[in-house]
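A.B. asks: Return a 3D structure for these sequence lines:
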Amino acid sequence: MKSIKTKLVLVISGLIIVLFSLVTFIFINQKSNELANNIYVVARNFAELTAGNIVNDYKLYLAENSFVYFNKKIRAVFEQMPDLAFIQLIAYDGKVLYDSKTEQTEQYAGSPRMVQDKYLLEQVQSRNSSILTLDTKRVVYLKIEASGQASYVDFNEKVVPAFDANEKIEYFVKPATDDIAVVYGISYKRLYESVNAMMVRGVLLAIFGIGVGILMAFLYAASLTKPLKKLTEGAGIIAKGDFNHRVVVKTRDEIFVLATAFNKMAQDLEISTKALVYKERVAKELELAAKIQKDILPKEIPKVPGLDISAGLLPAEEIGGDSYDFIRVSDNKLLMYLGDVTGHGVPSGIVVSVANALIYNYAKTTDLKELLISVNRIMKEKTSSNMFMTMVLMSWDATLNDLKFVSAGHEQMIHYHAKEKKVTMTPAGGIALGMLADIGRTLKEESVKLETGDVLVAYSDGIPECWKNEKEMYGMGRLKRAVNDYADLPTAFSIRNALLADVKEFAGKYKQMDDITLIVLKKN
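C.D. replies: Residues are numbered from 1 along each chain as shown. Now for the predicted structure:
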């Protein structure tokens, strides 16, 4: 059996080896990717800048058999980019006009050389720049859009998986003119040399770190004897669930203090563990419930002719009692509602979910009053007797230019008249869903005549009842004033944001006591 000192030395040494190896690997890999990406970027930019000049020099010198002058120009190009392996000039028909690999000292004078690689010929004949990857031998074309952005396509300009700039490339093809393309071969010799140098430095640094770690392990391990072993064994016993186990240590030093704390921990651990498990379970359930409720809200508001619509909800807690939704009945007809359940938290969130599902189920009912009667009947049967939900249910028919609504005990909506530049309140009425088995006699379908520029705002009581302190709340006067001030903004979204900002500015840092929800309709 190995001693604690030996184990500590081995563990620390192993950790240091793993740590240095991991850090070295990550660093070298990151650096290698950065260098590879840099080579790609430089090659691409270099090709853009030099391809035209190289072709011009070819036509001016080499095409006129002035190899010496052309070769001098090519040497200068190689000096400008150290990672350049070769340069080729290839005509559109596949004829190799120049190859730096074979024409270093004199001009080629043999029979015409033709490109044998069909993929390279396709690259030469393409109007887009292209790349051949070194490892996967994948050809990727770079199509420059009108916006200046580059997209990755194949020879037929169909979109293909994007080229990873960290990949290595074998060569870069740049069409310079209508009849000639320049092929830039890429060398990674300098990159490999740099990576090897970094590896050597990493190994030396790891050796140094291991030596320092072993020395420190021996120094600290000398003071760890039997008490530490007892604590270790005690931890193993408690980890198996035996919370009655105690560790006896009589050294009267720091380890004794640690053992005393350890025994106290064992005494309280069972209670703490149970409390923690319960807390985590409740937190997870609340998180899941909040996500479910968030998913109930519409991801986007349907577009409907004649209305510009926006909505927003600021919950007071993780789970709120407010809800809204938009249901497209047809291309020109939209059903929408805003509801407010008494209180907030998990019970209110459950009622919100039930109401939302019911409205979706009865959404095709043409009579708004009948729809709410059906929803109320089930909510009365399936929800607690002390849980109620006020709601305003609206229906917009773009064909008839008609907005109808039924209020089930909800706040009166605010109607801004653009021509008169004033606000009025829609009629109140109805009774909250879930209070009585039959609420049909309390419900009444109303119509709102919306002219161009008119704004209709539905809201929950969390807005007028938003508190600034223990004595002052926002109130309906401020809300009507805010609607009148902001209704001329160009979009329902901007009006919604202005109203919510006005409420939040009024409340300041005071705790939000209730959910804040509103729907803004602007006639266009």
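
A.B. asks: residues making contact with the helix or strand that residue 141 is a member of?
C.D. replies: Taking DSSP states H and E as the criterion, residue 141 maps to strand 139-144. Strand 139-144 is contacted from outside by 44, 119, 122-123, 126, 128-133, 150-155, 157, 160, 163, using Cβ atoms under 8 Å, 6 or more residues apart in numbering. In short, each C-beta sits where N, CA and C put it, glycine included.

A.B. asks: which ones among these are found in helices?
C.D. replies: The helices, defined by DSSP state H, take in 44, 119, 122-123 from the contacts of strand 139-144.

A.B. asks: returning to what we had before: chain center to the strand holding residue 141: distance?
C.D. replies: Taking Cα atoms, centre = their mean, to the nearest Å, one finds the center of strand 139-144 at 28 Å from the center of the full chain.

A.B. asks: Likewise for stretch 420-427?
C.D. replies: So, by Cα atoms, centre = their mean, the centroid of stretch 420-427 is 42 Å from its chain's centroid.

A.B. asks: What lies in contact with it?
C.D. replies: 405, 407, 412-417, 444, 446, 448, 456, 480, 483-484, 487.

A.B. asks: buried ones in that stretch?
C.D. replies: For stretch 420-427, burial by neighbour count (16 or more other Cβ atoms under 10 Å) applies to 423, 426.

A.B. asks: follow-up on the earlier one: now do the buried residues in the strand holding residue 141.
C.D. replies: For strand 139-144, a neighbour-count test (16+ other Cβ under 10 Å) marks 139-143 as buried.

A.B. asks: Go through those residues and name the one nearest residue 387.
C.D. replies: Nearest to residue 387 among the buried residues of strand 139-144: residue 143, at 59.7 Å, using Cβ to Cβ.

A.B. asks: measure that closest one to residue 42 for me?
C.D. replies: When distance is defined by Cβ to Cβ, to the nearest Å, residue 143 is 21 Å away from residue 42.

A.B. asks: how does the chain divide into domains?
C.D. replies: Domain assignment for the chain, taken from automatic domain parsing, gives 4-191, 226-295, 297-523.

A.B. asks: Residue 417 contacts residue 451, correct?
C.D. replies: Yes. At 7.2 Å, residue 417 counts as touching residue 451 under the criterion of Cβ atoms under 8 Å.

A.B. asks: Mind checking which of these two has more residues around it?
C.D. replies: For residue 417 versus residue 451, the count of surrounding residues by other Cβ atoms under 10 Å is larger for residue 417: 17 against 11.

A.B. asks: How many neighbouring residues does residue 153 have?
C.D. replies: 17.

A.B. asks: my guess is residue 307 meets residue 520, correct?
C.D. replies: No. Residue 307 lies out of contact with residue 520 (Cβ under 8 Å); the separation is 10.0 Å.

A.B. asks: if you count what's nearby, which of these two comes out ahead?
C.D. replies: residue 520 (30 against 20).

A.B. asks: can you tell me how far that one sits from residue 495?
C.D. replies: 5 Å.

A.B. asks: what do these two both touch?
C.D. replies: Common contacts of residue 520 and residue 495 (Cβ under 8 Å, 6+ apart): 310, 455, 457.

A.B. asks: hmm, back to that, just name the closest of the contacts of stretch 420-427 to residue 85, please.
C.D. replies: Proximity of the contacts of stretch 420-427 to residue 85 was ranked by Cβ to Cβ; the top entry is residue 487 with 68.1 Å.

A.B. asks: ok, the closest one touching residue 414?
C.D. replies: No. Counting by Cβ under 8 Å, residue 487 does not reach residue 414; the two are 9.0 Å apart.

A.B. asks: Now, the contacts of strand 139-144 that are in strands?
C.D. replies: 129-133, 150-153 (DSSP state E).

A.B. asks: And the helices in the stretch 101-250 of the chain, which stretches?
C.D. replies: Ranges of helices in the stretch 101-250 of the chain, per DSSP state H, counting those that start in this stretch, are 118-125, 189-221, 226-239.

A.B. asks: Kindly report the same for the chain.
C.D. replies: 4-60, 67-80, 118-125, 189-221, 226-239, 254-296, 346-361, 368-382, 475-486, 492-507.

A.B. asks: Dump the second one to CSV, restricted to CA.
C.D. replies: Output in CSV follows, covering the C-alpha atoms of helix 67-80 (Å, rounded to 0.1, in the frame of the first residue of the first chain):
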residue,chain,number,x,y,z
PHE,A,67,11.7,35.5,-69.2
VAL,A,68,14.4,37.3,-67.2
TYR,A,69,12.2,40.4,-66.5
PHE,A,70,9.1,38.3,-65.8
ASN,A,71,11.1,36.0,-63.5
LYS,A,72,12.3,39.0,-61.6
LYS,A,73,8.7,40.1,-61.1
ILE,A,74,7.7,36.6,-59.8
ARG,A,75,10.7,36.5,-57.4
ALA,A,76,9.4,39.8,-56.0
VAL,A,77,6.0,38.3,-55.5
PHE,A,78,7.4,35.3,-53.6
GLU,A,79,9.4,37.7,-51.4
GLN,A,80,6.2,39.6,-50.5
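
A.B. asks: now that helix: how far from the chain's centre is it?
C.D. replies: On Cα atoms, centre = their mean, the centre of helix 67-80 falls 49 Å from that of its chain.
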